[in-house]
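Chemist: no sequence on hand, only this structure:
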Ligand SMILES: C[S@@+](CC[C@H](N)C(=O)[O-])C[C@H]1O[C@@H](n2cnc3c(N)ncnc32)[C@H](O)[C@@H]1O
């Protein structure tokens with residue numbers, strides 16, 4: 001720009017028109033352009049966050065790792081503000097194009113990709129719900145319902161308060177449990193209580209959900225061992241600036 005004697009643009013750090021992100025790893029670089037100003041992670045439905053919500057892209061990563069597909073049964077037994085289920089419902093409603101509205105509003109995106117057509121298709125709510133959320137805290141369930149309403153997916157998800165340790169499988173033979181249980185760093189429960197809770201949770205899953213897949217986001221790796229299951233695969237990541245991982249298990253019966 002200096003060579004061409006173009007006036008240098010100002011830099012707006014908070015809400016910029018274009019954000020350029022350069023990532024490098026060894027001899028590889030990627031350059032990403034964001035045309036939306038706002039972070040596409042902020043889909044705008046989160047009115048209240050609950051205690052320790054997962055961010056939307058992390059919820060999407062959990063769904064990808066779990067191999068959940070539109071129409072599959074999905075249960076989050078510790079759903080908090082409902083992010084994982086709301087993200088799954090948005091994928092179902094918008095046929096996978098979850099960033100369609102925010103990108104469609106970007107004049108820069110349309111200038112760069114004039115021929116790109118966003119799918120206008122919106123799936124109707126299913127006749128029978130396949131997305132289920134539970135939480136021991138009724139206030140979390142109230143927040144989850146409000147967030148789902150705000151996201152326009154309240155007809156996709158069944159929310160109910162309940163203790164994971166009393167969870168019965170009334171959902172069917174095969175499905176996905178995808179969840180982010182408390183793990184101590186952000187929600188202050190004594191670690192001994194959590195160890196016992198993870199152990200009991202593992203028993204419930206093995207008794208009630210054999211044949212299902214379980215995907216857990218956790219930052220306290222010792223707790224995961226208490227589930228008493230063999231890790232099938234995992235994805236390391238940072239969550240709330242701490243080391244965490246998304247772990248996949250194939251649930252087998254306890255006997
Ligand atoms: C880390 S938060 C989940 C956050 C959630 N993924 C979100 O996006 O908001 C863990 C949740 O587990 C819930 N919880 C703790 N013990 C539970 C239990 N025994 N049964 C069901 N839910 C429980 C808490 O109330 C809390 O909302």
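Modeler: All right, it came through fine. Values in this document were obtained by computation on a predicted structure and should not be read as measured data.

Chemist: would you mind measuring from the residue of the stretch 1-150 of the chain found nearest the ligand to residue 88?
Modeler: Distances between the stretch 1-150 of the chain and the ligand by Cβ to the nearest ligand atom are smallest at residue 80, namely 2.7 Å. C-beta here means a position set from N, CA and C on the backbone, and glycine is covered the same way. As judged by Cβ to Cβ, to the nearest Å, residue 80 and residue 88 stand 15 Å apart.

Chemist: and if you look at residue 16?
Modeler: Counting by Cβ to Cβ - residue 16 and residue 88 are separated by 30 Å.

Chemist: quick one: which of those two has more around it?
Modeler: residue 88 (28 against 15; other Cβ atoms under 10 Å).

Chemist: now do the contacts for the more buried one.
Modeler: 63, 68, 74, 131 (Cβ atoms under 8 Å, 6 or more residues apart in numbering).

Chemist: what about it, which helix or strand?
Modeler: Using DSSP states H and E, residue 88 falls within helix 83-93.

Chemist: please see if that helix touches the ligand.
Modeler: Yes. Remark: helix 83-93 sits within contact range of the ligand at 83-84, by Cβ under 6 Å from any ligand atom.

Chemist: again, but for stretch 222-236
Modeler: No. For stretch 222-236, no contact with the ligand is found by Cβ under 6 Å from any ligand atom; the gap never falls below 12.3 Å.

Chemist: flag every buried residue along that stretch.
Modeler: In terms of neighbour count (16 or more other Cβ atoms under 10 Å), stretch 222-236 has its buried residues at 223-224, 226-227, 229, 234.

Chemist: where exactly do the helices run in the stretch 1-150 of the chain?
Modeler: 56-66, 83-93, 100-104, 107-112, 138-150 (DSSP state H, counting those that start in this stretch).

Chemist: packing partners for the helix or strand hosting residue 245?
Modeler: Taking DSSP H and E as the criterion, residue 245 maps to strand 242-250. Helices and strands touching strand 242-250, by 3 or more Cβ pairs under 8 Å, 6 or more residues apart in numbering; DSSP states H and E, are helix 56-66, strand 213-218, strand 231-239.

Chemist: with mean pLDDT added, can I get these in JSON lines?
Modeler: Listed next are the helices and strands packed on strand 242-250 as JSON lines, based on pLDDT from 0 to 100:
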{"stretch": "helix 56-66", "mean pLDDT": "94"}
{"stretch": "strand 213-218", "mean pLDDT": "96"}
{"stretch": "strand 231-239", "mean pLDDT": "90"}
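
Chemist: okay, the ones you listed, which one's buried deepest?
Modeler: Of all the helices and strands packed on strand 242-250, strand 213-218 has the most neighbours on average by mean count of other Cβ atoms under 10 Å, namely a mean of 24.

Chemist: please work out which residues outside the helix or strand that comes right after it touch it.
Modeler: Following strand 213-218 in sequence order, the next helix or strand is helix 221-225 (DSSP H and E). For helix 221-225, contacts defined as Cβ under 8 Å, 6+ apart pick out 183-184, 191, 194-195, 198, 216, 218, 231, 245, 247.

Chemist: alright, I will stop here.
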